[in-house]
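S.K.: 3D, please:
(chains A, B and C)
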Amino acid sequence: MSKKESKKKVAAYWAASCGGCDVALLGLHERILDLLDFADIAFWPAATDFKYEDLKGYERNEIDLTFFNGGIRTSENREIAEIIREKSELLVAYGSCAHQGGIPGLANMSSNEELFETVYKNNPTTVNPEGVVPQELTEREEGNLNLPGLQERVKSLSQVVEVDYTVPGCPPPPELTEDFLDLLLAGNLPPKGSVVAGEKTVCDECSREWNKETIDEFHRPQEVEIDPDKCLLDQGIICMGPVTRSGCEASCPEANLPCKGCFGPPKKVEDQGTEMLNSLASVVQIGEEGGSLEGEKALLSNLPDTIGTFYNFSLANSIFGGKVSDGGNDEQE
Amino acid sequence: MASKPRIGVFICHCGENIAGTVDVTGLAERIIDYDDVTFSTDYEYMCSDPGQNKIKEAIEEEDLNGVIVAACSPSMHEETFRSAVEEAGLNRYRCEIANIREQCSWVHDGDGSKPTEKALRIIKGAVEKVKRNIPMEPVEREHSDKCLVIGGGVAGIQAALDVAEAGNEVVLVEKEPTIGGHMAQLSETFPTLDCSQCILTPKMVEVNQHPNIELMAYSEVKDVSGYIGNYSVQIENKPTYVDPDACNLCGDCEDVCPVNVQDEFNQGLTSRKAISIPFAQAIPSSYTLDEEACLGLNPLRCSKCADVCDADAVDFDQSSKFIEEEFGAIIVATGYDLYPKEKMGEYGYGQYEDVIDGLQFERLLSATGPTRGEVRRPSDGKVPKDVVFVQCSGSRDPENHNSYCSKICCMYTAKHAKLYKESVPDGNAYVFYIDIRAGGKDYEEFIQEVQEEDRVLYLKGKVSKLKKVDGKLRVWGMDEIAGERMEIDADLVVLAQSIIPSSEAKDTSRKLNLNLGQNGFYKEAHPKLRPVESLTGGVFFAGAGQGPKDIPDTVSQGSGAAAKAIEMLSKPTLTHDPQVVEVDEDLCSGCGLCISQCPYDALEVNSRGVAEVNEILCEGCGTCASGCPTNALSLKNLTDEQLTEMIHAQIGD
Amino acid sequence: MLKSVIKMEFEPKLVGFLCKWCSSAGADLAGVSRRSYPSNLVPITVNCSGRIDVSHVIRAFRDGADGVLVSGCHPGDCHYTSGNYKAWRRVALLKHVLEDFGMNPDRVKLEWISATEGDKFAQTVKEFTKEIKELGPGPYSNVKERE
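M.R.: As a prediction, the model looks like this:
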């Protein structure tokens, strides 16, 4: 069988993301040639000139593999996600945003009205005296102009369509993407639904030692001199390592920075942020057990930016998914 | 469960107790539609024999693999129904109780629809739980038959004797050179005025002679590991530099020893030599060379004692011996100390020689004491004519000292005053008190006698200040009953110092993983119902370490602790609730966050870098399972999945 | 069946996590002494209040609960020494986070109820039911469906 005949089709797409994941794909360097040996690019807006109609024109499952990065923020994101799902044999959620909603998911703490107010009106660097905000529909003589509207909430890819594999990370480290390609090329992919990364958590790969039994104070990393050998939690620095899937070689803790959780939760954890909050509360103790309940309560109740800290990448995938409205009956979804 | 769940739901009427409020027949009809429920019925009294038979028959005929009995609280009949299920061939944990009586029908009224809805939700939750329960068998294990008693005061002595009499081997560890504790220091005991040493020393001798007791005096527990039934204990036996078997108590060594130090047994009222024996009837009956006080052992600087010893008993080459032994049970009887005198500046304690504490006064009254029982004050040896006794010194004073009542001071102060008056009939005894607490057999009568017949002047009020004025100790206080300020010029002041846990309590609690209450006394498993047990399995309390108490209470608790230890040691094997935490090693990353959450030290990160549960130490609270960030830990039969499904079943529509 | 158009009084759905050694026994005592209280709270008995995880409570709200009670042994009385302190800290942090999520933290109540406090159990459920009635439906309350 000649090479040409067996060539596959691969695609990549960016939804609500920063573009870093596309750069991460290019970060494969010469390995990308292996991919191109194996497949032709069928669709990749960041790198090649394909249009919506091209995508629409593919047969069902004609694209063998799509790397989809970014969360689902707009009606367009959703529409393309649905089309890509239909056209792709294998759909890979690539990077934290597709995996868990990612940082754009933090917008779920605000309503769309609040977001528009902040971004287009009340932002100190924005000059907009007339209060002009983008509209989904603008009628002109020449014709109507349409912009995709914001969805009620940012969602992860798997909350919208079925995802076959996930390559996590913000962005995914090139080694991980290579691992995935190796498995793919060897025809050795794990069962569908798998997250292609480590099976345990960052702690498993982290060389720091946990010595202390409990935590009695919290610091931000810039406030203290960090001991490079001791567990960061041990030093009162909130590190998401215990609830974050391994596979990154603990790159942040090894560089003296706390893990922010970009790989998402390990297998049996439903809600990464909530799980970490719970574990952290379980090991806070000031002095003798039972001696300073109020002190501990004050310590825990004064943690700054709990949502940003604990749900940095995972808010959209959390049990609540974002801000809820209390005292009302409105359905959240 | 491996095969598809087939759950039977049995709804009890409990006469009208449940059926009067809850539509039991309706429940049985509705629950049959619930997922995995394949059989349901209701019956008058499920706990009756015919009721139980219904369950057994249904297990057989309907091929049930799980049973819900919706009835009274599991505290009533869980055992009944689990045994019934077991008789029908299912594991006992295939049965769960849905409590629809105490927590439903008995507390809700109205038209019955609301209690019925709630009962349905409770049952649904129980179904979700039982279908995920795994079969479990009690964990059985061997144990050591030996008992360790820490502390050789009267509590430890009593406990050791009782356990030894039951046929178990006992090691009694005492940190001082002799057993006997504080009781050996006392002159007479209230209210009978028995001579304390006379009633104690026979018990001490019995300890020494008992074939089942190994006495390790001048020894300390250094390290404890293990768990109920299998404690491994390291004991340090410190060198006395005298061979107790050779020593014939002639006392020649003591005569030639050039070093004088404060005599602890006499509470510092006299001095002793560097080589000494606490008192004549000490057990073990031998001299001890105080390494710290001796002029020097290495290199040897004096050796007069060895030179004079005809028995060749002095051996400067002794060193600490470390002994490792296994014990099934441990009785902690570390006793009490007095509240430190440094903290009682307001009463001149520690500043004036003639302000002394109750134990010092005991020594002054004792026939074996420094004054051979004559009351003579420490400063000049004169017989004091005016003696002020101050009760609650350091007790019942939450602002400055201890908040609690030391319990025995009212009685021993009365005894002191009485014995003083008997010794110095023309002397005056004054007692300042807040209240008189004389609860105890013949105690109140004793107080009455002291107040009326011995003409001791009881003044209700606190002493505010004490100062030396013109060679006398001037005591300022209140007589609240007369409403007068009092000023008494005393020759001797005796403070009924507060009782505090002995200095060993903290260390011992750490080694044995015991809890201390807020005042530093050992915390018992239950203040009313388990007063001699600790929360650490196989460890029991005796004596004042658990709280201030007098001799009868101390001895009773010693016997109580012994009975508990014997009960445990007499079982051929110990069983343990199988509902413990298990680790999914594929999920655990060894982060170690679980370790500090376990109150029983049952968790460790092993050499493979994953958490490991000691099933015998684990009590099954599940706290670690909740706190585990990866959900690698789960509590058997109350897993996260079970809880999540129960919540869903009970809340969702 | 006729569709009811009459708006019924809001009946909150409450879940109560009860420690089996103290609060569940306290609830039993309330039953034995026939202390009546509203039937809104459905109990789930657990080995220890320390078994309760923040995500269990959030899960309960997501499933439609309007309020969650966590009840354990009094400080110093935990059957397992210290599980109740863990529960205390978890609930303290949970309340903080619920507020961040836009929920009224009073929808979670932590109470110490011993085996001898049947009255207190009944009183707690009464008060909690009343408080949640006043707060109205929780964020995922499916009260609409039941109208």
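S.K.: where are the low-confidence patches of the stretch 51-200 of chain B?
M.R.: Along the stretch 51-200 of chain B, the parts satisfying pLDDT under 70 run over B:110.
S.K.: Could you list the contact residues of it toward chain C?
M.R.: B:73-75, B:99, B:101-104, B:106-110, B:114-115, B:117-118, B:121-122, B:125 (C-beta under 8 Å from any C-beta of the partner chain). From N, CA and C alone the C-beta is placed, and that goes for glycine too.
S.K.: from the residues you listed, which ones fall inside helices?
M.R.: B:74-75, B:114-115, B:117-118, B:121-122, B:125 (DSSP state H).
S.K.: By neighbours, which of these wins?
M.R.: B:Gly125 (27 neighbours; other C-beta atoms under 10 Å in any protein chain shown).
S.K.: was I right about it contacting B:Met646?
M.R.: Yes. Counting by C-beta atoms under 8 Å, B:Met646 is a contact partner of B:Gly125 at 4.2 Å.
S.K.: Could you tell me which residues touch both of those two?
M.R.: Listed contacts common to B:Gly125 and B:Met646 are C:Ile44; contacts here mean C-beta atoms under 8 Å, 6 or more residues apart in numbering or on different chains.
S.K.: Report whether the expected contact of B:Ser393 with B:Ala496 is present.
M.R.: Yes. With contact defined as C-beta under 8 Å, B:Ser393 and B:Ala496 form a contacting pair (5.4 Å).
S.K.: more crowded one of these two?
M.R.: B:Ser393 (31 against 27).
S.K.: Distance check, the nearest residue to that one once chain neighbours are set aside against chain A.
M.R.: Closest residue to B:Ser393 in three dimensions, ignoring its sequence neighbours and counting by C-beta to C-beta, 6 or more residues apart in numbering or on different chains: B:Leu495, at 3.9 Å. Here the distance between B:Leu495 and chain A works out to 30 Å (C-beta to the nearest C-beta, to the nearest Å).
S.K.: Could you check how many residues crowd around B:Leu495?
M.R.: 29.
S.K.: swap in A:Thr214?
M.R.: Counted with other C-beta under 10 Å, A:Thr214 comes out at 17.
S.K.: Am I right that it is in contact with A:Gln285?
M.R.: Yes. Between A:Thr214 and A:Gln285 a contact is recorded at 3.8 Å, counting by C-beta under 8 Å.
S.K.: Now list whatever residues contact both of these two.
M.R.: With C-beta under 8 Å, 6+ apart, A:Thr214 and A:Gln285 have common neighbours B:Ser596.
S.K.: For the one helix or strand the residue nearest to B:Ser393 maps to, which helices and strands make contact with it?
M.R.: Element membership of B:Leu495, judged by DSSP states H and E, is strand B:492-497. Counting contacts by 3 or more C-beta pairs under 8 Å, 6 or more residues apart in numbering or on different chains; DSSP states H and E, strand B:492-497 packs against strand B:355-357, helix B:358-365, strand B:386-393, helix B:409-423, strand B:472-479.
S.K.: Name the residues that touch that strand?
M.R.: Contacts for strand B:492-497 (C-beta under 8 Å, 6+ apart): B:338-339, B:341, B:344, B:347-349, B:352, B:354-361, B:375, B:377, B:384, B:386-395, B:406, B:409, B:412-413, B:416, B:466, B:473, B:475.
S.K.: picking up where we left off before, next, format the helices and strands packed on strand B:492-497 as JSON lines and append mean pLDDT.
M.R.: Converted to JSON lines, the helices and strands packed on strand B:492-497 look like this (pLDDT from 0 to 100):
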{"stretch": "strand B:355-357", "mean pLDDT": "94"}
{"stretch": "helix B:358-365", "mean pLDDT": "96"}
{"stretch": "strand B:386-393", "mean pLDDT": "96"}
{"stretch": "helix B:409-423", "mean pLDDT": "96"}
{"stretch": "strand B:472-479", "mean pLDDT": "94"}
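S.K.: which residue sits farthest out from the middle of chain A?
M.R.: For chain A, the largest distance from the centre (C-alpha atoms, centre = their mean) belongs to A:Glu141, which lies 41.4 Å off.
S.K.: Could you measure from it over to A:Gln135?
M.R.: 16 Å (C-beta to C-beta, to the nearest Å).
S.K.: returning to what we had before: and the helices and strands packed on strand B:492-497, which is most packed in?
M.R.: strand B:386-393 (a mean of 26; mean count of other C-beta atoms under 10 Å in any protein chain shown).
S.K.: Can you show me the helices along chain C?
M.R.: C:23-32, C:54-62, C:83-100, C:118-135, C:143-146.
S.K.: sorry, that was for the stretch 251-400 of chain B
M.R.: Secondary structure of the stretch 251-400 of chain B by DSSP state H, counting those that start in this stretch: the helices cover B:252-256, B:304-308, B:358-365.
S.K.: how about A:Leu157, what does it touch?
M.R.: A:15, A:68, A:71-72, A:81, A:91, A:93, A:98-99, A:163.
S.K.: make that C:Phe101, sorry
M.R.: Taking C-beta under 8 Å, 6+ apart as the test, what C:Phe101 contacts is A:307, A:320, A:322-324.
S.K.: what bits of chain C have low per-residue confidence?
M.R.: C:1-8, C:142-147.
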